[in-house]
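J.: Using only what follows, build the 3D model:
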Amino acid sequence: MSAIDLGPYRFDPDLASLQRDGQSVGLSRPGSALLATMLEANGAVVGRNALMEAAWPETIVEEANLTVQIAALRKVLEPCGEGGEWIVTVPRVGYRLVRPSVDPTSSRPVIAVMPFANLSSDSEQGFFADGLTDDLVTALSRFKTFAVVGRNSTAAHSVPGTDVRETAAALGVRYVLQGSVRRAGAKARVSAQLIDGDTGTHLWGDRYEGAGRDIFDFQDSITESVIGLVEPRILKAEIERARRKRPESFDAWDLYVQALPIVRDTDVAAYDRAIALLDRGVALDPAYAPVLILAAWAYEKRYTFGKRAEADKEVALALSDRALAADPDDATVLAIAGWMRMLFRSDWSAIESTRRAATLNPNNLLILDFAGLAEFFGGDLDRSTACHQRAIELSPGAPDNYVHLDHIAAACRVDRRWEEAILWAQRAIEANSGFVWSHLELACAHAQLGHAEEARQALEAARAIQPAITIKFLAFSSMRFPERSESILDGLRKAGLPEG
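T.: Now for the predicted structure:
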């Protein structure tokens, strides 16, 4: 953990050093460990057991020692704000450190994964429930768009019948993921629900059943299914929350979630608005990697699908480089920045960046899209298709699935499997008729099969979306394997697309 600013204080957990206005403040070793643990919780409640383990690892001490150390910390940390305490006591649970509200990314959501309840008569199934909870915490922790409360904190709140809003308030979280496990004989059933901690509203819920013979495979499949659905639901809820805020109160996170659906969409004219939002976000926090990389993507899309202003390309590359410098371990940053280098610099070695991103977070639909696209441009076609198929399996109804369907159609087209290309392109159009590339893939495949009328209709649909589209417009970027781009240009020439 790097040094952290806390109002007038600066704490370096690696050195166990606390300073106020540049002057050293005395801090005991247990006090330093307690402060580091509460800071890591990012405003969420930390249970007493977790705090005692952090301050006195593998040592049996009286709980009164914790009270003494917390009192000493409070004395060191002078009152914050209008006389308020930095450390808040949560009765019968633990303590929570108040974080300053000046952090421009402070509204990034926090989710708590509650221990899954074992509803089986067999107490041994508690191990399965615990393992599933741990897997979900680990998988969710790979996302940088929200924070996850550690299991030590949530365990103290796992009390049947407790109002989820009370639990969320005590933990300082916005969302709660909870569920149960029931097993009878060879059959296992798992239920999961995502709940808005402020309102108690159910945002998503599902039930999974399996034979349960290979319990680890079943556990893995549940984790993948839940993660593939939870992250999009949280982002959707965050978008709605940001829309209800007054514009003058927007912070970097609010601007990020406001711009996200615009950048993901196919409306080229709206990219200007997304860029305006993200430019504000970058100004608020110049080192916030999620805003930087989303801004880079917005500029790239405006260049790729718009007027091809050279300045947009240069800004996209500069922003992606800044995002990498800000957080070189963010999987989304690695995926988009790698794609940028391949698209604009023909740097085919950057495919290792997109592959690493998919390894770091194999459950992120956006990362799978860029990893698959990078494979199509400069890697292995089978790996490209596998990325897109995995995304569809993880979240079958996701609004962005049209891009995965379209890219599978493109892989079929390169392999000259025209009938399959038609089927995938049609599915992509059904998912989102505004994506110009799906109509072009459809026109190409029909033309290659000699279906002149169908090819003409598909081409007309593409030009209705982008009237100025020509062969020259489509050939702006090279691919590592030229035949992959030549195959669509050849088909579109047959369909009647002008050269430019």
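J.: CA atoms for contacts and neighbours, from now on please.
T.: Fine.
J.: Just give me the neighbour total for residue 250.
T.: 21 (other C-alpha atoms under 10 Å).
J.: Distance-wise, check residue 107 relative to residue 251.
T.: Per C-alpha to C-alpha, to the nearest Å, residue 107 is found 8 Å from residue 251.
J.: just residue 244 next, same as before
T.: 13 Å.
J.: Neighbour count for those two, which is higher?
T.: Per other C-alpha under 10 Å, whichever of residue 244 and residue 251 has more neighbours is residue 251, with 21 against 9.
J.: I figured the more buried one was touching residue 288, is that so?
T.: No: at 11.4 Å, residue 251 and residue 288 do not qualify as touching, with contact defined as C-alpha atoms under 8 Å.
J.: name the helices or strands packed onto the helix or strand hosting residue 411?
T.: Secondary-structure assignment from DSSP states H and E places residue 411 in helix 401-414. For helix 401-414, the helices and strands in contact under the criterion 3 or more C-alpha pairs under 8 Å, 6 or more residues apart in numbering; DSSP states H and E are helix 365-378, helix 381-394, helix 418-431, helix 436-448, helix 483-495.
J.: Could you list the residues in contact with the helix or strand that contains residue 130?
T.: Here residue 130, judged by DSSP H and E, is contained in helix 125-140. For helix 125-140, the external contacting residues (C-alpha atoms under 8 Å, 6 or more residues apart in numbering) are 113-118, 148, 150-151, 180-181, 183, 215, 219-220, 223, 227, 361, 363.
J.: and what of stretch 67-83?
T.: When contacts are defined by C-alpha under 8 Å, 6+ apart, stretch 67-83 is touched by residues 7, 25-27, 30-31, 34-35, 85-87.
J.: which SSE is residue 218 in?
T.: Residue 218 is part of helix 215-243, with elements assigned from DSSP H and E.
J.: now the host helix or strand of residue 340 against helix 365-378, angle please.
T.: Assigned by DSSP H and E, residue 340 belongs to helix 331-345. What separates the directions of helix 331-345 and helix 365-378 is an angle of 30 degrees, with axes from the mean of the first three to the mean of the last three C-alpha atoms, to 10 degrees.
J.: List the buried residues in helix 331-345.
T.: Neighbour counts using 16 or more other C-alpha atoms under 10 Å place 331-344 of helix 331-345 among the buried residues.
J.: now stretch 367-376
T.: Buried residues in stretch 367-376, counting neighbours by 16+ other C-alpha under 10 Å, are found at 367-376.
J.: can you check stretch 228-238 too?
T.: Neighbour-count burial for stretch 228-238 flags 228-232, 234-235, 237-238 (criterion: 16+ other C-alpha under 10 Å).
J.: By mean pLDDT, flag the weakest helix or strand of this protein.
T.: Lowest on mean pLDDT, DSSP states H and E among the helices and strands of the chain sits helix 151-155, with a mean of 71.
J.: re the thing from before, narrow the contacts of helix 125-140 to those that are buried.
T.: Burial by neighbour count, 16+ other C-alpha under 10 Å: within these this picks out 113-118, 148, 150-151, 180-181, 183, 219, 223, 227, 361, 363.
J.: Which of those residues fall within strands?
T.: Among the buried ones among the contacts of helix 125-140, the members falling in strands are 113, 117-118, 148, 180-181, 183 (criterion: DSSP state E).
J.: Check those residues and tell me the two furthest apart.
T.: When these are compared pair by pair using C-alpha to C-alpha, the farthest-apart members prove to be 148 and 183, with a separation of 27.6 Å.
J.: coming back round to it: please convert the buried residues of stretch 228-238 to JSON lines, extending it with distance to residue 411 and pLDDT.
T.: Shown next, in JSON lines, are these (distance: C-alpha to C-alpha, whole Å; pLDDT from 0 to 100):
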{"residue": "228", "distance to residue 411": "24", "pLDDT": "89"}
{"residue": "229", "distance to residue 411": "26", "pLDDT": "89"}
{"residue": "230", "distance to residue 411": "29", "pLDDT": "92"}
{"residue": "231", "distance to residue 411": "27", "pLDDT": "90"}
{"residue": "232", "distance to residue 411": "26", "pLDDT": "91"}
{"residue": "234", "distance to residue 411": "31", "pLDDT": "93"}
{"residue": "235", "distance to residue 411": "30", "pLDDT": "92"}
{"residue": "237", "distance to residue 411": "34", "pLDDT": "93"}
{"residue": "238", "distance to residue 411": "34", "pLDDT": "92"}
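J.: what's the closest of those residues to residue 422?
T.: Residue 422 lies nearest to residue 228 out of the buried residues of stretch 228-238, by C-alpha to C-alpha, at 27.1 Å.
J.: Now do the same contact list for that closest one.
T.: Contact partners of residue 228, counting by C-alpha under 8 Å, 6+ apart, are 363-365, 391, 394-395.
J.: make it 6 Å
T.: Listed by C-alpha atoms under 6 Å, 6 or more residues apart in numbering, the contact partners of residue 228 are 363, 394-395.
J.: From residue 232, how far off is the residue lying closest to it once chain neighbours are set aside?
T.: With C-alpha to C-alpha, 6 or more residues apart in numbering as the measure, residue 394 is the residue that lies nearest to residue 228, at 4.7 Å, once sequence neighbours are left out. Computed as C-alpha to C-alpha, the residue 394 to residue 232 distance reads 11 Å.
J.: So what's the residue count around residue 28?
T.: Considering only other C-alpha under 10 Å, residue 28 is surrounded by 13 other residues.
J.: Can you tell me how far it is from residue 37?
T.: The gap separating residue 28 from residue 37 is 14 Å, by C-alpha to C-alpha.
J.: and what of residue 241?
T.: As defined by C-alpha to C-alpha, residue 241 lies at a distance of 29 Å from residue 37.
J.: Please say which of these two ends up with more neighbours.
T.: residue 37 (19 against 13).
J.: Which pLDDT value goes with that one?
T.: At residue 37 the predicted local confidence, pLDDT, stands at 89.
J.: Let's test this: what are the backbone torsions at it?
T.: For residue 37, the backbone dihedrals are phi -70, psi -40 (criterion: degrees, to the nearest 10).
J.: State the distance from it to residue 461.
T.: Distance from residue 37 to residue 461, counting by C-alpha to C-alpha: 57 Å.
J.: before we move on, which element is residue 352 in?
T.: With DSSP H and E as the test, residue 352 turns up in helix 351-360.
J.: hey, C-alpha coordinates of that helix in PDB?
T.: This file holds the C-alpha atoms of helix 351-360, laid out as PDB (Å, rounded to 0.1, in the frame of the first residue of the first chain):
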ATOM      1  CA  ILE A 351      -1.200  -8.400 -27.800                       C
ATOM      2  CA  GLU A 352       0.600  -9.600 -24.700                       C
ATOM      3  CA  SER A 353      -1.000  -6.700 -22.800                       C
ATOM      4  CA  THR A 354      -4.500  -7.800 -23.900                       C
ATOM      5  CA  ARG A 355      -3.700 -11.400 -23.100                       C
ATOM      6  CA  ARG A 356      -2.500 -10.500 -19.600                       C
ATOM      7  CA  ALA A 357      -5.600  -8.400 -19.100                       C
ATOM      8  CA  ALA A 358      -7.800 -11.400 -19.900                       C
ATOM      9  CA  THR A 359      -5.800 -13.500 -17.400                       C
ATOM     10  CA  LEU A 360      -6.000 -10.900 -14.700                       C
END
